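>>> One predicted model, sequence on top.
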Amino acid sequence: MEYEVKLDIFEGPLDLLLYLIKKNEIDIYDIPIALITEQYLKHLEMMKYLNLDIAGDYLLLASTLVHIKSRMLLPVDESERETEDEPDPRAELVRQLLDYQVFKEAAQQLEKRPILERDVFRRGLHTGNGTAGISEDEISAEISVFALVEAFYRIITQLGEPEFMEIDVEKLSLTDRINEIMESLAEKRELTFDDLLRDSRDRRMILYTFLAILELMKLRMIRAHQASPFGMIRIILAAEE
Amino acid sequence: MEETKAIIEAIIFASESPLTVDKIREVLNEVDKSEISRLVQELVREYEEKRGGFILQEVAGGLHFRTRPDLGLWINKLMKVKQSMLSKAAMETLAVIAYRQPAVKSEIDRIRGVDSGSSLKGLLEKKIVRIMGRKDVPGKPIMYGTTKRFLEIFSLKDLSELPTLKEMNELQDPAGESGTQTLLIEETEM
């Protein structure tokens, strides 16, 4: 059974670019196109490897990047170099990135406002059997999906060559894995990556764990946090909002 | 005087959604609109100064009682409110619409670099976003804008309360650069 999770629900190709720019501490006004293109394509590879359904927009941006790269490789005439006839092939992309960044920031600012039925409440809501919300001291940043992809890719590739698929006595399904994870979280409230993958030496199990986490993130039932790049990844139950 | 203020307080309390001054006037039709506004402001201040559990908030063009934002986590402890928060994609789509309304889908898609169809659908269903008509250009695309519910959810008095978009100035720079380049070309051609 092939399980696929749509990545575009979370973040899009521009997000990936911004993520790579930030990760490499690149100046957005002077993007090293070759490097960025290489990393971007590598990421697409990783995502395909992990069974993520890549929206067409990702591929469109990939070809745009390759196109820009080729334009920048074209030899420039000596006379043209003086007048800078040719506009920077990256200019359009930079403009688009900055534009997008403005609204991405705006969205984050909106989300920080006091939100009805999350931070502020009206009269007359039902009181149920409440469970405590998550602890407020979240010093670590919510992890980008792309960082998650990288983390999983690293783990899976470390396993080496895929062995022949053994026929499992207990049939593993994505739903089962999701339930398992939720049960563990209900008990322990917080799990690290290592906790989740401790018993999995099996490539398929790791893949299912990854897809399960993505699905749960999509459903907003869990949150994933990482205190520093390549740091420990923590999974926690999302607050009842 | 005091009695009028008490009446205003009572009907705002009883109302499920924010009450406009006009609506209040419908009930208290003998009272001046300016008088109602004045009394309302007094109430707002009183609740603010009291530092109690809830405040009288100006939101979505009207007035409503709401719990203090910093006490949110206590209410969360009390109740198991399953409110689906918006996804990142939905929030971005919403941000574009909020600041660019009336906005058409192609504009939203272009800015985000992705197809925003499913996010749009969700926002429409939740009545956070609405259709404002069709743009008078070829194709007659649908225009989208935010709703009163949007203002309510994000605790905004009105659209002018939206924080100004940051980095708007930085956007000018790339355009500025190419502007200079065009100038150079013109000079050489002459």
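In hand now; what should we look at?

>>> Helices along chain A, start to end?
Assigned helices in chain A, in chain order: A:13-23, A:33-49, A:56-73, A:78-83, A:91-112, A:145-158, A:174-188, A:193-197, A:203-218 (criterion: DSSP state H).

>>> Leaving out chain neighbours, which residue sits closest to the residue nearest to the spatial centre of chain B?
With distances taken as C-alpha atoms, centre = their mean, the residue of chain B nearest its centroid is B:Leu151 (3.4 Å). With sequence-adjacent residues excluded and distances taken as C-beta to C-beta, 6 or more residues apart in numbering or on different chains, B:Leu151 is closest to B:Ala60, at 3.8 Å. In this view, the C-beta of every residue, glycine as well, is placed from N, C-alpha and C.

>>> Would you mind stating the distance between B:Pro102 and chain A?
When C-beta to the nearest C-beta, to the nearest Å is applied, the distance between B:Pro102 and chain A equals 16 Å.

>>> and the closest residue to that residue other than its chain neighbours, what are its phi and psi?
The shortest distance from B:Pro102 to any non-neighbouring residue, by C-beta to C-beta, 6+ apart, is to B:Met143 (3.5 Å). Backbone geometry at B:Met143, expressed as degrees, to the nearest 10, gives phi -100, psi 140.

>>> Ok, the one 5 residues further on next?
Dihedral angles phi and psi of B:Lys148 (degrees, to the nearest 10) take the values phi -60, psi -40.

>>> and if you look at B:Val129?
For B:Val129, the backbone dihedrals (degrees, to the nearest 10) come out as phi -130, psi 150.

>>> That one and B:Leu120 touch, don't they?
Yes - with contact defined as C-beta atoms under 8 Å, B:Val129 counts as touching B:Leu120 (7.1 Å).

>>> ok, A:Ile233 - how many residues close by?
Per other C-beta atoms under 10 Å in any protein chain shown, the neighbour tally for A:Ile233 reads 21.

>>> Spatially, what comes nearest to it if we skip its sequence neighbours?
A:Phe193 (4.3 Å).

>>> try A:Gly12
In space, and not counting its chain neighbours, A:Gly12 is closest to B:Val114: 3.7 Å by C-beta to C-beta, 6+ apart.

>>> Repeat that for A:Thr209.
Distances taken as C-beta to C-beta, 6+ apart put A:Leu196 closest to A:Thr209, at 5.6 Å, once the chain neighbours are dropped.

>>> Kindly provide the distance from the one you found to chain B.
Computed with C-beta to the nearest C-beta, the distance linking A:Leu196 and chain B is 23 Å.

>>> can you check A:Asp88 too?
Here the distance between A:Asp88 and chain B works out to 8 Å (C-beta to the nearest C-beta).

>>> can you count the residues close to that residue?
When neighbours are defined as other C-beta under 10 Å, A:Asp88 has 19 of them.

>>> repeat for the one 4 residues further on
Burial of A:Glu92 is recorded as 14 neighbouring residues (other C-beta under 10 Å).

>>> which residues touch the closest residue in space to A:Gln101 that isn't next to it in sequence?
In space, and not counting its chain neighbours, A:Gln101 is closest to A:Leu18: 6.5 Å by C-beta to C-beta, 6+ apart. Under the criterion of C-beta atoms under 8 Å, 6 or more residues apart in numbering or on different chains, the neighbours of A:Leu18 are A:Leu97, A:Tyr100, A:Gln101, A:Lys104.

>>> Tell me which residues touch the closest residue to the second one other than its chain neighbours, please.
Put plainly, it is A:Tyr100. Here the nearest residue to A:Tyr100 in space, its sequence neighbours aside, is A:Leu14; by C-beta to C-beta, 6+ apart that works out to 4.7 Å. For A:Leu14, the residues meeting the contact criterion (C-beta under 8 Å, 6+ apart) are A:Leu61, A:Gln96, A:Leu97, A:Tyr100, B:Arg112, B:Gly113, B:Val114.

>>> now do B:Lys23
Each residue near B:Lys23 by C-beta under 8 Å, 6+ apart is listed here: B:Gly62.

>>> Tell me the helix or strand right after the strand or helix carrying it.
If you go by DSSP states H and E, B:Lys23 is part of helix B:21-27. Tracing the chain past helix B:21-27, the next element assigned as helix or strand by DSSP H and E is helix B:33-50.

>>> Could you tell me how many residues sit around B:Pro138?
Around B:Pro138 there are 6 other residues, counting by other C-beta under 10 Å.

>>> Quick check: phi and psi on it?
Dihedral angles (degrees, to the nearest 10) for B:Pro138: phi -50, psi 130.

>>> That one and chain A, how far apart?
Separation of B:Pro138 from chain A (C-beta to the nearest C-beta): 23 Å.

>>> from what I can see A:Ala212 touches A:Ser184, true?
No - at 11.3 Å, A:Ala212 and A:Ser184 do not qualify as touching, with contact defined as C-beta under 8 Å.

>>> okay, the two: which has more neighbours?
Using other C-beta under 10 Å, the more surrounded residue of A:Ala212 and A:Ser184 is A:Ala212, with 23 against 15.

>>> For that one, which residues are in contact?
A:Leu174, A:Arg177, A:Ile178, A:Ile181.

>>> ok, back up a step: contacts only, for the residue nearest to B:Pro102.
With C-beta under 8 Å, 6+ apart as the criterion, the residues that contact B:Met143 are B:Gln101, B:Pro102, B:Ala103, B:Val104, B:Ile131, B:Met132, B:Gly133, B:Arg134, B:Lys135.

>>> 10 Å - rerun?
B:97, B:101-105, B:107, B:130-136 (C-beta atoms under 10 Å, 6 or more residues apart in numbering or on different chains).

>>> Roughly how far does the nearest residue to A:Tyr19 once chain neighbours are set aside sit from B:Gln41?
Once its chain neighbours are removed from consideration, A:Tyr19 has its nearest residue in A:Phe146; the separation is 4.9 Å (C-beta to C-beta, 6+ apart). In this view, A:Phe146 and B:Gln41 are 49 Å apart by C-beta to C-beta, to the nearest Å.

>>> the more surrounded of these two?
When A:Phe146 and B:Gln41 are compared on other C-beta under 10 Å, the one with more neighbours turns out to be A:Phe146, at 20 against 12.
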